[in-house]
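1. sequence? don't have it. structure:
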């Protein structure tokens, strides 16, 4: 009987130890996300933790510049975050956004307006011991409600993020 109680105490203790040692995400992170699908751009990025189960909301406001158009972009994503080991996490997410386009740079692209898009997200991040978070992610986007094939097509967006955690 003593061995059974000792084994139960050991299992419970190990469970709580592993949960205490598990990587948690910060409540807030603010920074920049550099990259872009078919244009070069940067986004101001804000992440907010939701609850205690390592889920978060990410909001990005950015500018895109390509040879055919200028655009602003607002994206909202819900992300699920899992710890790999130590400070390394990986995450997936889904969301949507709004794209405002100024396309008067050429005769073949005159599709000004505001459009909607859906976005997915998968990435890896490293959480330093200091309040710094770097990430690399892939965000596929699918545009809607445009007659122009460039805005309606699939657009891969790969970016490097640098954020201050608080």
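-> Cool, got the structure. This one's a predicted model, so the numbers in the text were calculated from it and none came from an experiment.

2. Using neighbour counts, pick out the buried residues of stretch 95-102.
-> Neighbour-count burial for stretch 95-102, counted by 16 or more other C-beta atoms under 10 Å, picks out 95, 97, 99, 101. (Each C-beta comes from the backbone N, C-alpha and C, glycine too.)

3. same question, stretch 55-62
-> Buried residues in stretch 55-62, counted by 16+ other C-beta under 10 Å: 56, 58, 59, 60, 62.

4. For residue 86, state which of the buried residues of stretch 95-102 is nearest.
-> Minimum distance to residue 86 across those is 27.8 Å, recorded for residue 95 (C-beta to C-beta).

5. Report the beta-bridge partners for the closest one.
-> residue 77, residue 119 (DSSP bridges).

6. what about residue 130, which SS state?
-> coil (DSSP: H, G, I helix; E, B strand; the rest coil).

7. Give me the below-cutoff pLDDT ranges for the chain.
-> Residues of the chain meeting the criterion pLDDT under 70: 1-23, 37-40, 104-111, 145-153.

8. residue ranges of the helices in it, please?
-> Ranges of helices within the chain are 2-21, 149-152, based on DSSP state H.

9. Once you drop chain neighbours, what's closest to residue 44?
-> Nearest non-adjacent residue to residue 44, counting by C-beta to C-beta, 6 or more residues apart in numbering: residue 61, 5.1 Å away.

10. show me the contacts for the one you found.
-> Neighbouring residues of residue 61 by C-beta atoms under 8 Å, 6 or more residues apart in numbering: 43, 44, 72, 73, 74, 75.

11. before we move on, back to that, now distance to residue 118 too, for the buried residues of stretch 55-62, in TSV please.
-> Output for the buried residues of stretch 55-62, formatted as TSV (distance: C-beta to C-beta, whole Å):
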residue	distance to residue 118
56	19
58	15
59	16
60	14
62	17
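
12. related to what we said a few turns ago, now, which of the buried residues of stretch 95-102 sits nearest residue 137?
-> Minimum distance to residue 137 across these is 12.4 Å, recorded for residue 95 (C-beta to C-beta).
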